[in-house]
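Visitor: Mind folding the following:
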Amino acid sequence: DYLSQHQNPYSRGLHYIGMSAFLLCVFAALAKASWSLLGVGLVLFILCSVLGHRLFEGNKPAALSAPLWSIYSDWRMFFIFLSGGLKSQLIRTENNKK
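Guide: Next comes the predicted model:
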């Protein structure tokens, strides 16, 4: 169900940009002991995800109804993408809808 809400590659791209920005902010916060950077990273992560849904998917982010599940699923999608396995997962999701 999660991937069916993330069919548009631009939406997924915005999610990945937001997650990457969050990771960079985490590393910067650790390096500089500036914990406000964690907040900046979180805002960027949320902003990119919401924009992806509003602009490209036309649906509401799952984070509004199930925040922990949504965050887990975002990161899972991100790492599956990085490992090269997302295309097969998207095809399986599309086939399950039929």
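
Visitor: for the chain, what spans make up the strands?
Guide: Assigned by DSSP state E, the chain shows no strands.

Visitor: what stretches of it score poorly on pLDDT?
Guide: Scanning the chain for pLDDT under 70 picks out the ranges 98.

Visitor: Count the residues that sit near Cys25.
Guide: By other Cβ atoms under 10 Å, 21 other residues sit near Cys25. From N, CA and C alone the C-beta is placed, and that goes for glycine too.

Visitor: Distance check, it against Leu42.
Guide: Distance from Cys25 to Leu42, counting by Cβ to Cβ, to the nearest Å: 8 Å.

Visitor: One more: Gln89?
Guide: Counting by Cβ to Cβ - Gln89 and Leu42 are separated by 26 Å.

Visitor: Ok, Ser73 next?
Guide: 17 Å.

Visitor: neighbour count winner among those two?
Guide: Taking other Cβ under 10 Å, Ser73 and Leu42 do not tie; Ser73 has more neighbours (18 against 15).

Visitor: Could you double-check that His53 lies in contact with Ser11?
Guide: Yes - between His53 and Ser11 there is a contact at 6.4 Å, judged by Cβ atoms under 8 Å.

Visitor: Arg77 - how many residues pack around it?
Guide: Heads up, residue 77 is Met, not Arg. Other residues close to Met77 by other Cβ under 10 Å number 20.

Visitor: Find the nearest non-adjacent residue to Ala63, please.
Guide: Ser70 (4.0 Å; Cβ to Cβ, 6 or more residues apart in numbering).

Visitor: how many neighbours does the one you found have?
Guide: Neighbour count for Ser70, taken as other Cβ under 10 Å: 17.

Visitor: Tell me who's in contact with the residue lying closest to Tyr16 once chain neighbours are set aside.
Guide: Closest residue to Tyr16 apart from its sequence neighbours, by Cβ to Cβ, 6+ apart: Phe78 at 5.9 Å. By Cβ atoms under 8 Å, 6 or more residues apart in numbering, the contact set of Phe78 is 15-16, 19.
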